[in-house]
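**Student:** I'd like to go over a predicted model; first the sequence, then the structure.
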Amino acid sequence: MCWLNVRGQFNMSELPSGVVYEIAYMAKDQWIELVGSRFEAKEGEAGEVCFDLMTVVDTGKALNKVA
């Protein structure tokens with residue numbers, strides 16, 4: 001079994017206002033870009049932006065168990 005979990009967060013108050021931001025995942029050495037979100041930071045905006053990407057693939061192989 002293979003899994004991928006990417007998480008992140010940042011405070012909106014730390015971003016300059018009036019700028020459009022994009023959260024994107026780019027696969028290495030491939031022509032794939034998965035856009036997770038686009039947003040614009042506004043003057044005086046507070047709070048956090050959180051993002052999460054998760055996938056699980058069953059490879060049919062058993063995991064090694066550690067005793």
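**Tutor:** Now that the structure is in, tell me what you want to look at.
**Student:** which stretches of this structure form strands?
**Tutor:** 2-11, 20-26, 33-40, 48-57 (DSSP state E).
**Student:** What mean pLDDT does the last one get?
**Tutor:** Confidence for strand 48-57, expressed as mean pLDDT, is 86.
**Student:** Equivalent analysis for the first one, please.
**Tutor:** Across strand 2-11, the average pLDDT comes to 87.
**Student:** outside of stretch 34-44, which residues touch it?
**Tutor:** The contact list for stretch 34-44 (CB atoms under 8 Å, 6 or more residues apart in numbering) reads 12, 15-26, 49, 51, 53. For glycine as for every other residue, the C-beta is placed from the backbone atoms N, C-alpha and C.
**Student:** where does residue 56 sit relative to residue 1, distance-wise?
**Tutor:** 7 Å (CB to CB, to the nearest Å).
**Student:** quick revisit: possible to save the strands of the chain as TSV with mean neighbour count?
**Tutor:** TSV is the format used below for the strands of the chain (neighbours: other CB atoms under 10 Å):
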stretch	mean neighbour count
strand 2-11	10
strand 20-26	12
strand 33-40	11
strand 48-57	11
